[in-house]
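Asker: need a structure here:
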Amino acid sequence: MHRGILLALFALLAVAPSTAPTARAQLMVDTLFTWQGYARIAQTHLRLYYNPAEEKRPYTVVLRELAANRGPSTITDARYLADEIGRTFGIDPAEATWVFHWGGFSFDGADPDDAKELFIRATFSRSTSDRLTGPSWRIVGRDDVIAYTDRHFP
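Answerer: A predicted model of the protein is given here:
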């Protein structure tokens, strides 16, 4: 008798819809991105997420400042970098949330797994002449970045 009830419960659970929330965002790109600064070639670790449920800014771009970067920092070249990444991956920088990320991995000799970190969010818009404007900056936390990426940010 108990075995029949257990089998029925397993069958019911197998066909019942899941009530757990599902992530809609997808990690589209996870790569080392390089660009030519004024004096040197620069590099950053880039992750590009796409969330079709977000109407205004469906893209989130996370740029990790790397200790190995010998060129300009990501924040120094923010507008240029947003424009370059937009052209490279076919997105409008004004339709993305940009997150600049520093941690132990950003400094020579530091512990790359150090829990101390800084996230700065930038958003861009378009001028009346359709040029990319300077960024609007805001310090955010890890929980914000997790929300921007629909729980995909590690």
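
Asker: for the helix or strand where Asp144 lies, C-alpha coordinates in CSV please.
Answerer: Assessed by DSSP states H and E, Asp144 sits inside helix 142-148. The C-alpha coordinates for helix 142-148 follow below in CSV (Å, rounded to 0.1, in the frame of the first residue of the first chain):
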residue,chain,number,x,y,z
ARG,A,142,26.8,42.7,-4.9
ASP,A,143,23.0,42.1,-4.3
ASP,A,144,22.3,44.8,-6.9
VAL,A,145,24.6,43.2,-9.5
ILE,A,146,22.9,39.8,-8.8
ALA,A,147,19.5,41.5,-9.5
TYR,A,148,20.8,43.1,-12.7
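
Asker: what packs against it?
Answerer: Contacting helix 142-148 under the criterion 3 or more Cβ pairs under 8 Å, 6 or more residues apart in numbering; DSSP states H and E are the following elements: strand 59-65, strand 96-102, strand 118-123. Every residue, glycine included, has its C-beta placed from N, CA and C.

Asker: and Gly134, how close does it get to Tyr148?
Answerer: 21 Å (Cβ to Cβ, to the nearest Å).

Asker: which one of the two is surrounded by more residues?
Answerer: Using other Cβ atoms under 10 Å, the more surrounded residue of Gly134 and Tyr148 is Tyr148, with 26 against 11.
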